[in-house]
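S.K.: no FASTA, just this:
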């Protein structure tokens, strides 16, 4: 594994030279948290949260806004989103209250006496409450779902089948009904959020004529028809071969296997055209091997839907997402990084480990990620046929090759239908560099 900076030989400064300039610092944003990182005069890295000088009411509301509103709110959404959210909250509040009353009425209609019926109604509501808890927990993972919608869509169905399986098994332990049903609904709640959150990017990948609404409507029509057919088959099975628990234990795993296989094939057939670490790595690897840029259709069946974060050796063993303060431990290394990559919106660093870290600035786009990845891949390629491992000449040669081919390469990437305006790295950390005062 090559070492871009780890073996270059850092310039050593005297104590007076190290103390004379003011310390540099940078900001890192990660999962809606901003931290200031600074090397002091002794070369010790200090990391602290940025001081919040806003009004107290804003600081109190920030955790709520970060949890329930999109990143960058209110600038990241269109006008009217707050009004929409307020009435949506009122809609769900009134619907939930009404569902409690309807559940209690159904239990009364079934002949249960008031006291036990009320206790059962409370238990049933608590069971449904676990589903809402699952939804709330899963909602904080939205950035990761943007990056890997296919993997999360498959996970959603696995969670849903897990919850359904617990419900099927509940007759075997009726004394644990509330626990089994609660856990089942918890898993299904997470599944519902993941499935809904990944629906838009999946449909968007098919909308070649900006006909997203039509695609969505037709998809819902197909789902509705086959849901009705499935309900009919389920009712028939429930009244015949699955009338007993033994029949359910045979039929349920078979139906679940068909379910998971079907969604996996759906996702494999989906040509998602946004750039994420896995897809960029495959684009770079194919370009170095064959001199051509693969399209979303070319890569769809090659994506790893189970372990999407694996490192691709043919693309330079690049890893994205580590915070800059964990990559750079000495001020001399930070100075060297700035000298080499000062005009770029990325840093590359390797200390001789199995991978090269790619750290992006907060406003880096897919184009910046592609360029940084290509530089790292060229470094690895040059070192394989060179005796100058980790030398500055290797990095300079890699930059020269990248500058020579990148405009044409980027043009082909766009022609193939990739969206280069964004790079979806999930919860990857980014930085904003500033000079000390």
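M.R.: Sure, I can see it. Values in this document were obtained by computation on a predicted structure and should not be read as measured data.

S.K.: doesn't residue 35 lie inside a strand?
M.R.: Yes: Residue 35 forms part of a strand when assessed by DSSP: H, G, I helix; E, B strand; the rest coil.

S.K.: low-confidence ranges, the chain, go.
M.R.: Within the chain, the stretches with pLDDT under 70 are 1-24, 29-33, 49-82, 84-86, 88-128, 387-391, 433-437.

S.K.: middle-most residue in it, spatially?
M.R.: residue 144 (1.1 Å; C-alpha atoms, centre = their mean).

S.K.: make sure that one is actually in contact with residue 425.
M.R.: No: using C-beta atoms under 8 Å, residue 144 makes no contact with residue 425, being 9.6 Å away. Just so you know, the C-beta spots here come from the backbone N, C-alpha and C atoms, and that holds for glycine as well.

S.K.: for residue 370, helix, strand, or coil?
M.R.: Of the three states, residue 370 takes helix under three-state DSSP.

S.K.: tell me, how many neighbours does the nearest residue to it once chain neighbours are set aside end up with?
M.R.: Spatial nearest neighbour of residue 370, chain neighbours left out: residue 280 (6.2 Å); criterion: C-beta to C-beta, 6 or more residues apart in numbering. By the criterion of other C-beta atoms under 10 Å, residue 280 has 26 neighbours.

S.K.: can you tell me the element residue 280 falls in?
M.R.: Here residue 280 sits within helix 277-290, counting by DSSP states H and E.

S.K.: helices or strands up against the next helix or strand along the chain from that helix?
M.R.: Using DSSP H and E, the next helix or strand after helix 277-290 towards the C-terminus is helix 296-299. The contact analysis (3 or more C-beta pairs under 8 Å, 6 or more residues apart in numbering; DSSP states H and E) places helix 296-299 against helix 277-290.

S.K.: name the residues that touch the helix it packs on?
M.R.: Contact with helix 277-290 is made by 147-148, 272, 292-294, 296, 298-299, 302-304, 308-312, 314-316, 318, 320-321, 366, 369-370, 373-374, 377, 381, 409, 413, 418, 423, 425-426, as judged by C-beta atoms under 8 Å, 6 or more residues apart in numbering.

S.K.: buried sites along that helix?
M.R.: By neighbour count on 16 or more other C-beta atoms under 10 Å, the buried set for helix 277-290 is 277, 278, 279, 280, 281, 282, 283, 284, 285, 286, 287, 288.

S.K.: just the closest of those to residue 206, please.
M.R.: residue 279 (16.7 Å; C-beta to C-beta).

S.K.: ok, back up a step: check the gap between the closest residue to the residue nearest to the centre of the chain other than its chain neighbours and residue 309 for me.
M.R.: Residue nearest to residue 144 in three dimensions, not counting chain neighbours: residue 426, with 4.4 Å by C-beta to C-beta, 6+ apart. Note on residue 426: its distance to residue 309, by C-beta to C-beta, to the nearest Å, is 9 Å.

S.K.: same drill for these two, tell me which one is more crowded.
M.R.: Neighbour count, other C-beta under 10 Å: between residue 426 and residue 309, residue 426 has more, with 19 against 15.

S.K.: that one: which element?
M.R.: Going by DSSP H and E, residue 426 is not in any helix or strand.

S.K.: and it, how far is that from residue 169?
M.R.: Residue 426 is 34 Å from residue 169, by C-beta to C-beta.

S.K.: please apply the same query to residue 45.
M.R.: Counting by C-beta to C-beta - residue 45 and residue 169 are separated by 52 Å.

S.K.: got it, and residue 131?
M.R.: Relative to residue 169, residue 131 is positioned 18 Å away (C-beta to C-beta).

S.K.: swap in residue 350?
M.R.: 50 Å.

S.K.: between those two, which is the more surrounded one?
M.R.: Using other C-beta under 10 Å, the more surrounded residue of residue 350 and residue 169 is residue 350, with 25 against 16.

S.K.: I'd guessed the more buried one sits against residue 358; true?
M.R.: No: counting by C-beta under 8 Å, residue 350 stays clear of residue 358, with 10.1 Å between them.

S.K.: can you tell me the SS state at residue 26?
M.R.: strand.

S.K.: how many other residues sit next to it?
M.R.: 20.

S.K.: same thing with the one 10 residues further on?
M.R.: Other residues near residue 36 number 17, with proximity taken as other C-beta under 10 Å.
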